[in-house]
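Chemist: coords below, sequence missing:
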């Protein structure tokens, strides 16, 4: 495509601004966690959590921003495919770290062994599936079967973390029951996009509330500072 001739439409500009704002929010929040942690492991974990999210999503969102501003190309399509693979893996790691954030937030509570096993096994299995070349990340078609499989497994990872925050409830008056709502919203928006966005592009709009739910998770950590 001739980038000079390409004129981004208003939805493209809005997407670019939203994605850039999201990545900036994550980066600033990550820096705040580390600079204000003062050796407290909980906020160091929140910093790692936030920068993992920011770094992984940047692999996918930066090419999307470039595409929105300059138009698509074969190079951008390849970068988007690789970025989607990277962000799928880092998103899984995000939930593993969230497990340890829960432990650091509620040291007086013991995570059920079965729940920890569920989180770890499902996360490892999803990462292994994401690494398979049969996913065809850089093609428009992808691999619908593996898409369903890796996201079904991912749902169990999210379920395990939801159970933990449901168990802790409002312990310590931290109001972290909101974490359950945020994770439910993120999965409720993310799964339809991954399953149906190729055939029904408008479903992709659900990525906006999904992204906002992750910002909410980070904001909960900032409130604890």
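Modeler: Yep, it's here. This is a predicted model, so every value here is computed, not measured.

Chemist: Looking at this protein, which helix is longest?
Modeler: helix 74-105 (DSSP state H).

Chemist: Run through the helices of the chain in chain order.
Modeler: 10-36, 41-70, 74-105, 113-131, 144-168, 178-196, 207-224.

Chemist: Mind telling me which of these the model trusts least?
Modeler: Set side by side, the helices of the chain give their lowest mean pLDDT on helix 178-196, at a mean of 89.

Chemist: tell me how far it is from the chain's mean position?
Modeler: Chain-centre distance of helix 178-196: 10 Å, with C-alpha atoms, centre = their mean, to the nearest Å.

Chemist: can you pull the buried residues of that helix?
Modeler: Within helix 178-196, the residues that qualify as buried are 178-180, 182-183, 185-187, 189-195, counting by 16 or more other C-beta atoms under 10 Å. All C-beta spots, glycine's among them, are computed from the backbone N, C-alpha and C.

Chemist: same deal with stretch 77-95?
Modeler: 79-81, 83-95.

Chemist: ok, now stretch 195-211?
Modeler: 195, 203, 206-207, 210-211.

Chemist: Could you dump the residues you listed into JSON lines and include distance to residue 50?
Modeler: Shown next, in JSON lines, are the buried residues of stretch 195-211 (distance: C-beta to C-beta, whole Å):
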{"residue": "195", "distance to residue 50": "27"}
{"residue": "203", "distance to residue 50": "27"}
{"residue": "206", "distance to residue 50": "22"}
{"residue": "207", "distance to residue 50": "19"}
{"residue": "210", "distance to residue 50": "16"}
{"residue": "211", "distance to residue 50": "14"}
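
Chemist: Could you tell me the per-residue confidence at residue 197?
Modeler: pLDDT at residue 197 comes out at 69.

Chemist: Touching, residue 69 and residue 12? I think so.
Modeler: Yes. Residue 69 is within contact range of residue 12, at 7.2 Å (criterion: C-beta atoms under 8 Å).

Chemist: So for these two, which sits in the more crowded spot?
Modeler: residue 12 (18 against 14; other C-beta atoms under 10 Å).

Chemist: quick one, what contacts the more buried one?
Modeler: 68-69 (C-beta atoms under 8 Å, 6 or more residues apart in numbering).

Chemist: returning to what we had before: out of the helices of the chain, which gets nearest to residue 138?
Modeler: The closest of the helices of the chain to residue 138 is helix 74-105. By C-beta to C-beta, the value is 3.3 Å.

Chemist: Mind giving me the packing neighbours of that closest one?
Modeler: helix 41-70, helix 113-131, helix 144-168, helix 207-224 (3 or more C-beta pairs under 8 Å, 6 or more residues apart in numbering; DSSP states H and E).

Chemist: could you dump those to a markdown table with distance to residue 6?
Modeler: Converted to a markdown table, these look like this (distance: least, C-beta to C-beta, whole Å):
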| stretch | distance to residue 6 |
| --- | --- |
| helix 41-70 | 6 |
| helix 113-131 | 32 |
| helix 144-168 | 30 |
| helix 207-224 | 23 |
